[in-house]
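# 3D model of this:
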Amino acid sequence: MRPSSYEAVVHEFAAAIHSGEIPAGTRLPTHRTLARERRIALATATRVYAELAALGLVVGEPGRGTFVRVRSGYNGLEPSRALPVPRVADLSFNQPLAPGQGDQLRQALRAIAASGDVEALLRQHPPGGHRHDRAIVATYLLERGIDTVPANVKDTLDAIPP
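Have a look, this model is predicted:
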């Protein structure tokens, strides 16, 4: 499947930024200039920059333009939008860790859909978690030398540390 025009432009910019061809601090063309140079719609150019910003590669500064960010790893939220929250991990930047995870997720979702009560996933979990989930965790622990039974496993998915 051929990538859409905006995806191709995003890929080109991302590759050039990662390779250093477009160094940190470089001011990128205006949306209108990008649209004209690439022969794409203005809305498409705006979408390109929005996607690059979502990837943490560029930052838009109103009245100044769009600039390549300094990359010393992922920088998290821009300071103007960052909210100081102690003891919380920022999981907002999500990307696959290994090839094939999309297929694994697809298989898992199909298995869940075929298992029966899909609506149970939409309801609040019982205290300690579902028996089936606790049994899976107990089996996982047992395979790693931790002798336990499902009754001793508690799902703390929504637990907040003191």
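
# what ranges do the strands span in this protein?
Remark: strands assigned in the chain by DSSP state E are 58-61, 65-68.

# got the contact list for the last one?
Spelled out, it's strand 65-68. Contacts to strand 65-68, defined as CB atoms under 8 Å, 6 or more residues apart in numbering, come from residues 17, 22-28, 30, 49, 52-53, 57-61. The C-beta positions use only the backbone N, C-alpha and C, and glycine is treated the same way.

# burial of Ala53, as a residue count?
Ala53 has 15 neighbouring residues, counting by other CB atoms under 10 Å.

# residues contacting it?
Val59, Gly60, Thr66.

# quick one: the second one and Leu28, what's the gap?
Here the criterion is CB to CB, to the nearest Å. By it, Gly60 lies 9 Å from Leu28.

# looking at these two, which has the bigger crowd around it?
Leu28 (19 against 16).

# out of the strands of the chain, which is closest to Asp133?
Of all those, it is strand 58-61 that lies closest to Asp133, at 40.8 Å by CB to CB.

# packing partners for that closest one?
helix 42-54, strand 65-68 (3 or more CB pairs under 8 Å, 6 or more residues apart in numbering; DSSP states H and E).

# wait, isn't Lys154 in contact with Val137?
No - assessed by CB atoms under 8 Å, Lys154 is found out of contact with Val137, at 9.3 Å.

# neighbour count for those two, which is higher?
Using other CB under 10 Å as the criterion, Lys154 and Val137 rank with Val137 on top: 16 against 12.

# one step back: lowest-confidence entry in the contacts of Ala53?
Taking those together, the minimum pLDDT is found at Gly60 (87).

# if we can go back for a sec, from the contacts of Ala53, pick the one nearest Leu141.
Looking at these and their distance to Leu141, the nearest is Val59, at 44.1 Å (CB to CB).
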